[in-house]
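Colleague: Let's see this in three dimensions:
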Amino acid sequence: MRREEVENPFMPNALRNLHFVADAMLGRLARWLRFLGFDTLYYPDISDSRLIRVAREQDRLILTRDTRLIKIKGVKDYLLIKANDSYNQLVEVIDTLKLKEFNPLSRCVECNGLLKKILDKIEIQDFVPEFVSLNFNVFLKCSDCGKIYWEGTHPKKFREKLGEVLK
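Modeller: The predicted structure follows:
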């Protein structure tokens, strides 16, 4: 059983069963997919052979813009991304895979770890600016890298952009 299935049983099945690995050209797309709750690995300096191995070993769909990569023997589960900018790349993934279920703010956009709600502000008080600690009440913490998120301007901007994507 995969780790995500154990830790987050309320995540929609489509998200639990869809796992991506993005090639070195798709870092921003990887962040967008993570923001939407998709398990998306991204290594900026990964070699093609390592990318293929990770995809095969972890049953991940390769997201790539590299036409040479998809011609390598053994590469079968991939989505060749044609769009140049991350916004249109995201739209392309959503449309091509007919994605309809999302779980925003459930994954760390930096490392892909799962986010956990912090129930007691005291737990994060020393790790965020004082202004943030005093003015916000809802916090999420990455279970892997420890990054802390709160409802500032970034999530609002992401939601607005997401609204545009899903129209």
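Colleague: Is it correct that Met25 is in contact with Thr67?
Modeller: No. If you go by Cβ atoms under 8 Å, Met25 and Thr67 don't touch, sitting 11.5 Å apart. The C-beta positions use only the backbone N, C-alpha and C, and glycine is treated the same way.
Colleague: quick one, which of these two is more surrounded?
Modeller: Met25 (16 against 8; other Cβ atoms under 10 Å).
Colleague: Need the pLDDT of the more buried one.
Modeller: As summarised for this prediction, Met25 has a pLDDT of 94.
Colleague: Now do the phi/psi pair for it.
Modeller: Backbone torsions of Met25, given as degrees, to the nearest 10, read phi -90, psi 0.
Colleague: Could I get the full set of helices for the chain?
Modeller: 3-7, 13-17, 27-35, 48-58, 86-97, 130-135, 153-165 (DSSP state H).
Colleague: Out of these, which is the most enclosed?
Modeller: Of all the helices of the chain, helix 27-35 carries the top mean neighbour count, a mean of 22, counting by mean count of other Cβ atoms under 10 Å.
Colleague: centroid residue for this protein?
Modeller: Arg34 (1.3 Å; Cα atoms, centre = their mean).
Colleague: Let me see the contact set for it.
Modeller: If a contact means Cβ atoms under 8 Å, 6 or more residues apart in numbering, then Arg34 has Thr40, Arg107, Cys108, Val109, Asn112 as its contacts.
Colleague: Find the residue closest to Val54 in space, skipping its chain neighbours.
Modeller: Distance criterion Cβ to Cβ, 6 or more residues apart in numbering; nearest residue to Val54, sequence neighbours excluded, is Val21 at 5.3 Å.
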